[in-house]
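**Q** Quick one, structure for this:
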Amino acid sequence: MLRLWVKRVQAVVIQQLIPARGYLLTTCLRKQADLKLARSPRKSIHVPGEPIRRHFKKGLLTALDHGFLQPVTMTEIRQYLRSKNVSFHDGYSCLHVPSPFTPEQDTCLFIDKTTGRFLCKATLLEGSWEDFQDSMELLHKEGCSHLSPEILAGYLVDSDSDSAEDQLKDSEVRRIWDRAVWFSDLGEEESHQIKAMFNITKIANNTLKKFGVKCFQPTKSLVFPWYNPRDSSLNGLKLLSAECNKQKVHYVETTYPRPARYYNLFGLCVSGKKETEVVITSREVDCLAIHQSTGVTTIALPRGASCLPPVLLPYLEQFKRIVLWLGDDLRSWEASKLFARKLNMKRCSLIRPGDKQPSPLHAFNDGLNIGKILKASLPASHKSIISFRQLREEVFGQLENADQVAGVKWNRFPELNKLLKGHRRGELTVFTGPTGSGKTTFISEYALDLCIQGINTLWGSFELNNVRLAKIMLTQFALQRLEEQLDKYDEWADKFEDLPLCFMTFHGQQNIKAVMDTMQHAVYMYDITHVIIDNLQFMMGQENIYSDRFAAQDYMVGAFRKFATVNNCHVTVVIHPRKEDDDKELQTSSIFGSAKASQEADNVLILQDRKLVTGQGKRHLQVAKNRFDGEVGVFSLEFNKPCLSFASSKGKQKFKKLNKDAETPNSKSSEETPAKNKK
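**A** This next block holds a predicted model:
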């Protein structure tokens, strides 16, 4: 049935792509007389005509809203292309189709197999799967071979990239670039001194110039340019500075535009269009070292080993073989395996960290044979594991890097490190505590601590709305009451905005499938490695597949357990306890529902709150289960109300290990001092 269609065309986040200019598909109201499209209705929660803004200039958080995620499968994409007689080629992570935006027949448009988003490298035009469908309908309506700029002009609103703020950013990029000088123009002594600061004394000046690397003399920083692959114009910069702190050198990266809003591949313009092999690194200096040593095509990721944005995948489609060499620690190794899944594991090989295979720059400075290391890279995919021989090096790596295997350490909760040893991927943590004890406040700081250290985090707050949650986390981040210092709000908000933190916009009861789809999307798009669900009972929707509430909860726990394992992602689930007597401390058996939650969990954390019995008192955090090494125990928490923080003070903390066979300490022992406990 024909119906009037007032269709939005989603705004394209050009700042998050390699181009900084180009056409921008944005929201526009099409005249009803011109568009009576015979398209089957699609589900959409978005109100027609309402603009969708994916780039907020002062936004605190990045929202993952299931309403804006139009799920699309490969089958649907293929069927649609065949119905429109559009030829396509099956690539590694994208489908290749002729671009409707250029008259050149050999120009490809890339469609992401997972999300359906498209990118035309010739025009730098990109958008969602719905945008592509609208473009094909428009192409049919106009009866032309391609959508020229003149045709698109009547349907597109110009980008806001020429706003005053963006012009200021462009001028800042140009100012820094113009003031920076080539290393060949520096004096020999000054050049050697600056190179020594970054351990690149062996990198030749012609290699630096080939990649466009300059020196910004006022801060003695390396300047890495990001070029537009279409016309080699300058799109952005990354400055690398060295700071000395207690005889240790600390490197600081500064990105223009801000890193959370822009993606690029350093070294992409150096590679030829016919190159079929590439080495991907996490640092620009590693990229320089590999290229000078071997001459192979090498590129560096914009945000290191923390993220591989899907918007960059089309630029890697030309390569038949990809070697991932991201660093010399376990975190880089885990990131390599995660990125290989996104890039198609069949064409990826990985460099496992080790003494003979350190980071590329260290290997280059130590005189190791980098070409030999690249040839010894391991294929990312194996059909099967047939013997211990294939696992031998992996096991040795775990033993050799025991501290890294234990996971990322908390800075604000050192006592938690003594028990859990760290935050590890692929685990399920169950957290519980009495009503009103501060579970959400604690778990937000618990996750914020990790997020500050680069753990890509997704928050699913079903009980507390995102604005209130963001306010709590911002206060914990600043460790001060911003209500009394509003002049500092923008300063702290800008810092908070750059954290790798996303929020789901679910609130109240939700269907588990919608939540899991959003989590899966977040892992693919943002390389999320930590998901927080607060809380399980509150998110249980009315449309349960089981009439039994306990059975429904068991199903959800099993789904989260499977998600954590399959995606190598840590999932933290908050669960309310069942009703207990106020004079009794909570135990593992106090978790609401059946025993499945505690059985499936790798870690069980309990926030013990004795103030319900004794009046105002201190809270304790109990590690009741630890599958990693069996260490359990309890330590006290002191709540700082002005900054909403449970962070440990500098003074001596109350800490007590428990026998792992013991369920919980009794009330009396929990109030004793550490000295008495040791006795």
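
**Q** biggest strand in the chain by residues?
**A** strand 234-245 (DSSP state E).

**Q** got the angle for the next helix or strand after that strand vs strand 234-245?
**A** Next helix or strand after strand 234-245 toward the C-terminus (DSSP states H and E): strand 248-256. Here the directions of strand 248-256 and strand 234-245 differ by 160 degrees (axes from the mean of the first three to the mean of the last three C-alpha atoms, to 10 degrees).

**Q** Which of the residues in strand 248-256 are classified as buried?
**A** By 16 or more other C-beta atoms under 10 Å, the buried positions in strand 248-256 come out as 253, 255-256. Quick note: C-beta positions are derived from backbone N, CA and C, even for glycine.

**Q** Just give me the closest of these to Leu378.
**A** Proximity of the buried residues of strand 248-256 to Leu378 (C-beta to C-beta) peaks at Glu253, which lies at 29.1 Å.

**Q** hmm, back to that, may I see the buried residues of the longest strand of the chain?
**A** For strand 234-245, the neighbour count (16+ other C-beta under 10 Å) marks 235-242 as buried.

**Q** same thing with stretch 512-528?
**A** Across stretch 512-528, burial judged by 16+ other C-beta under 10 Å covers 512, 514-515, 518-528.

**Q** If you average the pLDDT over it, what comes out?
**A** Averaging pLDDT along stretch 512-528 gives 91.

**Q** Go ahead and name everything in contact with that stretch.
**A** 64, 66, 69, 71, 114-115, 306-310, 335, 338-339, 342, 456-458, 460, 500, 502, 504, 506, 531, 533, 539, 541, 555-556, 559, 563, 567, 569 (C-beta atoms under 8 Å, 6 or more residues apart in numbering).

**Q** do the same with stretch 233-249
**A** 18-20, 173-174, 176-177, 197-198, 216, 219-228, 250-257, 262, 264, 266, 284-285, 302.

**Q** Show me the domain layout of the protein.
**A** As recorded under the TED database, the domains making up the chain are 74-158, 170-264, 284-405, 414-648.

**Q** Which positions are bridged to the nearest residue to Glu172 once chain neighbours are set aside in the beta structure?
**A** Among residues not flanking Glu172 along the chain, Tyr256 sits closest, at 5.9 Å (C-beta to C-beta, 6 or more residues apart in numbering). Beta-bridge pairing for Tyr256 (DSSP bridges): Leu237.

**Q** Next one: Tyr256 from Arg174, what distance?
**A** Distance, Tyr256 to Arg174, by C-beta to C-beta, to the nearest Å: 10 Å.

**Q** in the stretch 451-600 of the chain, which spans are helices?
**A** Assigned by DSSP state H, counting those that start in this stretch, the helices in the stretch 451-600 of the chain fall at 466-478, 489-497, 512-526, 536-539, 549-566, 596-600.

**Q** Pipe those into JSON lines and attach distance to Ala647 per row.
**A** As requested, the helices of the stretch 451-600 of the chain are exported to JSON lines (distance: least, C-beta to C-beta, whole Å):
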{"stretch": "helix 466-478", "distance to Ala647": "8"}
{"stretch": "helix 489-497", "distance to Ala647": "17"}
{"stretch": "helix 512-526", "distance to Ala647": "26"}
{"stretch": "helix 536-539", "distance to Ala647": "26"}
{"stretch": "helix 549-566", "distance to Ala647": "26"}
{"stretch": "helix 596-600", "distance to Ala647": "27"}
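
**Q** and Phe388, which of those is closest to it?
**A** Among these, helix 549-566 sits nearest to Phe388 (C-beta to C-beta), with 21.9 Å.

**Q** Enumerate the positions of that closest one that are buried.
**A** The neighbour-count check on helix 549-566 (16+ other C-beta under 10 Å) flags 552-557, 559-561, 563-564 as buried.

**Q** what about His146, helix or strand, and which?
**A** Using DSSP H and E, no helix or strand contains His146.

**Q** Let me know how buried it is, in neighbour terms.
**A** His146 has 16 neighbouring residues, counting by other C-beta atoms under 10 Å.

**Q** ok, for it, nearest residue in space, not its chain neighbours?
**A** Going by C-beta to C-beta, 6+ apart, His146 has Pro103 as its nearest residue, at 5.1 Å.

**Q** Test my guess that that neighbour contacts Ser145.
**A** Yes - when contacts are counted by C-beta atoms under 8 Å, Pro103 is listed as touching Ser145 (6.6 Å).

**Q** Next, count neighbours for Tyr315.
**A** 19.

**Q** Surely it is in contact with Gly267?
**A** No - using C-beta under 8 Å, Tyr315 makes no contact with Gly267, being 11.2 Å away.

**Q** Pairing-wise in the sheet, spell out the partners of Gly460.
**A** Beta bridges link Gly460 to Ile533 when assigned by DSSP bridges.

**Q** didn't it look like it was pressed against Asn535?
**A** No - contact criterion C-beta under 8 Å: Gly460 and Asn535 do not qualify, at 9.6 Å.

**Q** For His250, give its distance to Pro309.
**A** In terms of C-beta to C-beta, His250 sits 26 Å off from Pro309.

**Q** Please disregard the earlier target; I meant Glu317.
**A** Taken as C-beta to C-beta, the span from Glu317 to Pro309 is 15 Å.

**Q** any low-confidence regions in the stretch 301-450 of the chain?
**A** Scanning the stretch 301-450 of the chain for pLDDT under 70 picks out 382-387, 389-391.

**Q** mind running it again at 90?
**A** Applying pLDDT under 90 to the stretch 301-450 of the chain flags residues 302-304, 306-307, 309-312, 328-331, 345-346, 352-357, 376, 378-407, 433-438.
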